[in-house]
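Undergrad: take this sequence and fold it.
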Amino acid sequence: MELALWMFPALFVAIFIGVPVAFALLGVSLVFGFIRFGDAAVHQFIAEVQDLASNYVLAAVPLFILMGTLLESTGIAKQLFKAVHMWTRRLPGSLAVSTILLGTVFAAASGVVGATETVIGLLAIPVMLSHNYSKSLISGTVCGGGSLGTAIPPSVVVIVLAPSADVSVGSLFAAILFPGLMMAGLFILYIIVHATLDPRVAPRSLPDEDDDGMSLLGKLRFTLVAFLPPVLLIFSVLGTILLGWATPTEAAACGALGTLLLTATMGQFKLAVFWNAIKRSLLISVMILTILLGGHIFSGIFAASGGVSATREILDAANLSPWSIILLILLIGFIGGFILDLVSVVLIVIPLAIPIVNALGFDTIWFLVLFLIVLQTGYLTPPMAPSIFYLRSISPPEMLLKHMYRGVIPFIGMQLVTLVLVMAFPELALWLPEYIRGP
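TA: Residues are numbered from 1 along each chain as shown. A predicted model of the protein is given here:
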């Protein structure tokens, strides 16, 4: 048991000296496996490889990533942004509000966090800068809206998380849907209140500015045309899963095919674009699945060496209350969220946490929703926030790191409000899965 507990310090040392996460997980597992089990460890490694390779649900990962990479080239986001802003133009901070709404729709259509932030950032940043929006508000809005891909299904992180926790992907999708939408609503509420109290951060357009003179019927027609493709995509993926018509993998295949057809319909299908999307999807998928393999082997060696039992003994000796233990696990997930990529955090923490959560009598789905919110908060939190790295890659030089750090803080606050609400009222996460399952 004592040997197993040294696996985590060894893993973090390997990561901090620059070893890629996947190889750190595999290397530490290899060393400790041979120390503990000798040659028999090879059989456990082979069993973990076979288990991962035969996991039908994980086939959805490359399909969702392909959806996200193809959606970046369709031009659909530009039409959506214009359609949304037609109806929000008179609100305080209207462009920022439109950006959050665009991020919500795009998150529900693709499930890939980086793709969502990149698309909405490339569209919204130049427009908001031209309207003299605060650079901090721009930064927070793009990072917050882009991060919704973690909390709004179909999220690739959920596809990885659900099998690791031995729960249904469809149930977890249903559980995270309302908290994710509630978080987007809190983002919008903050923007409106902030822009109302301090109009300088989001100057309002003149009455006729950006008005294209469309009639009400024309606006409705334009909005319908702009929203129809993403709504169909969302239904083909999320709707079919929640209604029980398709498994996540089948729904992901439908979504990828639908995105391909949409790309062709909008005149954006070119062999170079398609080939680039395939290559990017392959690279990202291989990275995720290699980390998954390392995480499975690591957790298998850790559990077989008595690591879970040793952890329980430590927690029992510390005499912590059940809620204190839950908060401690969430804190570990939060810290990991701004040091490691989200998939790595899931695979390191969840296999250890779920047996403890079950033993304490907490609902597993409810805990996983909390964990997803915490992961998203870590994704947004400086100094190592991945969302800020994405933003820096697409932002103009006048947007400095200080603007980005200052801008994300209020959005982190809204995420923490969502976390507290779901903690206090578990029904926010549990009512939809229970409703879908029926009596």
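Undergrad: secondary structure class for Val167?
TA: Look at Val167: counting by DSSP: H, G, I helix; E, B strand; the rest coil, its state is coil.
Undergrad: got the buried residues for the helix or strand hosting Ala10?
TA: Counting by DSSP states H and E, the element that carries Ala10 is helix 7-16. With burial defined by 16 or more other C-beta atoms under 10 Å, the residues of helix 7-16 counted as buried are 7-8, 11-12, 14-15. C-beta here means a position set from N, CA and C on the backbone, and glycine is covered the same way.
Undergrad: surely Gly306 touches Ala4?
TA: Yes - counting by C-beta atoms under 8 Å, Gly306 does reach Ala4; the two are 5.4 Å apart.
Undergrad: next up, the contacts around Gly413.
TA: Under the criterion of C-beta atoms under 8 Å, 6 or more residues apart in numbering, the neighbours of Gly413 are Tyr190.
Undergrad: output the helix or strand containing it as PDB - backbone C-alpha positions only.
TA: Per DSSP H and E: Gly413 is located in helix 401-424. Output in PDB follows, covering the C-alpha atoms of helix 401-424 (Å, rounded to 0.1, in the frame of the first residue of the first chain):
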ATOM      1  CA  LEU A 401      -2.000  39.100 -20.800                       C
ATOM      2  CA  LYS A 402      -3.100  41.500 -18.000                       C
ATOM      3  CA  HIS A 403      -6.400  42.100 -19.900                       C
ATOM      4  CA  MET A 404      -6.900  38.400 -20.200                       C
ATOM      5  CA  TYR A 405      -6.200  37.600 -16.500                       C
ATOM      6  CA  ARG A 406      -8.400  40.500 -15.300                       C
ATOM      7  CA  GLY A 407     -11.200  39.600 -17.700                       C
ATOM      8  CA  VAL A 408     -11.600  35.900 -16.800                       C
ATOM      9  CA  ILE A 409     -12.000  36.500 -13.000                       C
ATOM     10  CA  PRO A 410     -15.700  37.500 -13.100                       C
ATOM     11  CA  PHE A 411     -16.500  34.500 -15.300                       C
ATOM     12  CA  ILE A 412     -14.700  32.200 -12.800                       C
ATOM     13  CA  GLY A 413     -16.900  33.700 -10.200                       C
ATOM     14  CA  MET A 414     -20.000  32.800 -12.200                       C
ATOM     15  CA  GLN A 415     -18.700  29.300 -12.500                       C
ATOM     16  CA  LEU A 416     -18.300  29.100  -8.800                       C
ATOM     17  CA  VAL A 417     -21.900  30.300  -8.300                       C
ATOM     18  CA  THR A 418     -23.000  27.500 -10.500                       C
ATOM     19  CA  LEU A 419     -21.000  25.000  -8.500                       C
ATOM     20  CA  VAL A 420     -22.500  26.200  -5.200                       C
ATOM     21  CA  LEU A 421     -26.000  26.100  -6.600                       C
ATOM     22  CA  VAL A 422     -25.600  22.500  -7.900                       C
ATOM     23  CA  MET A 423     -24.100  21.500  -4.500                       C
ATOM     24  CA  ALA A 424     -27.000  23.000  -2.600                       C
END
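Undergrad: please point out which parts of that helix sit buried.
TA: Within helix 401-424, the residues that qualify as buried by neighbour count (16+ other C-beta under 10 Å) are 403-408, 410-412, 414-415, 418-419, 421-423.
Undergrad: quickly find the element holding Pro382.
TA: Element membership of Pro382, judged by DSSP H and E, is empty: it is in no helix or strand.
Undergrad: which secondary structure state does Leu320 sit in?
TA: With three-state DSSP as the basis, Leu320 sits in coil.
Undergrad: that one: neighbour count?
TA: For Leu320, the count of nearby residues is 14 (other C-beta atoms under 10 Å).
Undergrad: what about it, distance to Ile329?
TA: Leu320 is 11 Å from Ile329, where distance means C-beta to C-beta, to the nearest Å.
Undergrad: how much space separates Val127 from Gly295?
TA: The spacing between Val127 and Gly295, counted by C-beta to C-beta, is 40 Å.
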